[in-house]
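Asks: just coords:
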Ligand SMILES: CC(=O)N[C@H]1[C@@H](OP(=O)(O)OP(=O)(O)OC[C@H]2O[C@@H](n3ccc(=O)[nH]c3=O)[C@H](O)[C@@H]2O)O[C@H](CO)[C@@H](O)[C@@H]1O
Ligand SMILES: C=C(OP(=O)(O)O)C(=O)O
């Protein structure tokens, strides 16, 4: 299993090119199931989750060809409607096969994704929505088994109990080929949901309310070919900005957009960072400035994203003062805290909050990455710490950050990938 060895103490400096967003690329790859015509994607990040998704799509009969710009997919024939456990267990987003398969083929058998490090993550809202659209859905031997008995899905009025990102995406993809009108209320408004909706519209889907919490979808007979560019990764952008702030450096993120992460940028400014924004870049300068602790409360977009929570936990660890991090989305997303303790951080956990008191130094240690963003947080801690930090189990990082060690090294960091 690969690990990162990080030698801290170097302020990051320079430009970094931001990749396409994992959380937009995954649902949009699954949208390829919805058309028999050519489906072309650009700005697709080179990540393990993308490989897993292409592998799963191949099992369903969908071919993909790598081009200089991205991928061309073809779902001219769907040869299987089963997403097997072997694939789904590698990546929870595989649940996104469910809605499009039922919409196009009238049936699907998708392994139930298991619990994971950040919380139970049930999929009851995905299942309830499909049932409201007329599908029979049961859970058998660890699989979600859905069928429309040869009929089309029917439009329905669905009100989500909780804002769910992949739940909204799954039902949006189901609704575009359903008979009649579907209304999704209390829908997620994350930029990645908007990117998916825009891609579906480019394929001929009829969707209104994009960007709001109510999506109205008028089902169409079929969707056609399209070419779509994946939006920039706001979480990768935020991660580099925090890394620059924590190391007291200066970094410019290119090929990104400040509009995607306004809540994060506001918190960085509150923490004392100087930020400059252009149409497609964000620069952060922390040189000669004092990092101040900030209070953070995670919530659905446009509020502060849970996927930036761990990175702000480490920011507070080395800032002046005390900051509280309140996690409202996932019930178990503080797995990085015991690892940060091993590096000398002063953090007290109280239910869903972490009270973080800033310390002057962190010390390098052997630490264990437990999930994707916890891993990023530990790498940032290593960039600040005295001596050497080994971040073990970085396969989590490879799921969601493209060549993190290469990008950090170009900014002057000492980060090496070591294969065990
Ligand atoms: C691939 C992808 O896009 N992943 C993102 C997506 O995950 P994901 O879509 O899995 O997260 P959700 O938005 O669905 O989860 C939000 C909350 O709703 C709950 N819930 C969800 C579905 C359901 O059927 N029942 C239910 O109770 C979850 O347990 C959680 O407490 O949004 C999360 C929240 O922004 C991000 O952290 C993930 O990076
Ligand atoms: C939790 C995340 O991803 P996933 O939903 O794919 O596990 C994430 O991107 O931080």
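Replies: Noted; the coordinates are in hand. Predicted model only: the values in this text are computed from it and were never measured. Residues are numbered from 1 along each chain as shown. Ligands and ions are numbered 1, 2, ... in the order given.
Asks: Just the element for the residue lying closest to residue 169 once chain neighbours are set aside, please.
Replies: Leaving out its chain neighbours, the residue that sits closest to residue 169 by C-beta to C-beta, 6 or more residues apart in numbering is residue 27, at 4.4 Å. C-beta here means a position set from N, CA and C on the backbone, and glycine is covered the same way. When elements are assigned from DSSP states H and E, residue 27 belongs to helix 22-30.
Asks: how close does the residue of the stretch 301-420 of the chain found nearest ligand 2 sit to ligand 1?
Replies: With C-beta to the nearest ligand atom, the shortest gap between the stretch 301-420 of the chain and ligand 2 falls at residue 307, namely 4.1 Å. Counting by C-beta to the nearest ligand atom, to the nearest Å, the gap from residue 307 to ligand 1 is 5 Å.
Asks: Let me see the contact set for that residue.
Replies: Residues near residue 307 by C-beta atoms under 8 Å, 6 or more residues apart in numbering: 23, 235, 372-373.
Asks: Am I right that it falls within a helix?
Replies: Yes - applying DSSP: H, G, I helix; E, B strand; the rest coil, one finds residue 307 inside a helix.
Asks: So which bits of the chain are right by ligand 1?
Replies: Counting by C-beta under 6 Å from any ligand atom, the positions of the chain adjacent to ligand 1 are 23, 26, 92-93, 119, 121-126, 162, 164-167, 192, 306-307, 329-330.
Asks: Mind checking which of these are buried?
Replies: Neighbour-count burial (16 or more other C-beta atoms under 10 Å) applied to those gives 23, 26, 92-93, 121, 123, 125-126, 164-167, 192, 306-307, 329-330.
Asks: Domains in the protein, by residue range?
Replies: Domain assignment for the chain, taken from the TED database, gives 2-19+232-419, 22-229.
Asks: JSON lines for the ones you listed, including mean pLDDT?
Replies: Formatted as JSON lines, these follow (pLDDT from 0 to 100):
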{"stretch": "domain 2-19+232-419", "mean pLDDT": "97"}
{"stretch": "domain 22-229", "mean pLDDT": "96"}
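Asks: Relative to residue 390, how far out is the closest residue to residue 375 other than its chain neighbours?
Replies: Spatial nearest neighbour of residue 375, excluding adjacent residues (C-beta to C-beta, 6+ apart): residue 369 at 3.5 Å. Look at residue 369 and residue 390: by C-beta to C-beta, to the nearest Å, they are 10 Å apart.
Asks: Just want to know which of those two has more residues nearby.
Replies: Taking neighbours as other C-beta atoms under 10 Å, residue 369 and residue 390 compare with residue 369 leading, 25 against 18.
Asks: Might you report the residue contacts of the more buried one?
Replies: Residues near residue 369 by C-beta under 8 Å, 6+ apart: 339, 375, 378, 391-394, 396-397.
Asks: Export these to JSON lines and append columns for neighbour count and distance to residue 100.
Replies: What follows is the contacts of residue 369, written out as JSON lines (neighbours: other C-beta atoms under 10 Å; distance: C-beta to C-beta, whole Å):
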{"residue": "339", "neighbour count": "23", "distance to residue 100": "38"}
{"residue": "375", "neighbour count": "29", "distance to residue 100": "30"}
{"residue": "378", "neighbour count": "32", "distance to residue 100": "35"}
{"residue": "391", "neighbour count": "27", "distance to residue 100": "36"}
{"residue": "392", "neighbour count": "18", "distance to residue 100": "36"}
{"residue": "393", "neighbour count": "18", "distance to residue 100": "32"}
{"residue": "394", "neighbour count": "22", "distance to residue 100": "31"}
{"residue": "396", "neighbour count": "19", "distance to residue 100": "27"}
{"residue": "397", "neighbour count": "25", "distance to residue 100": "28"}
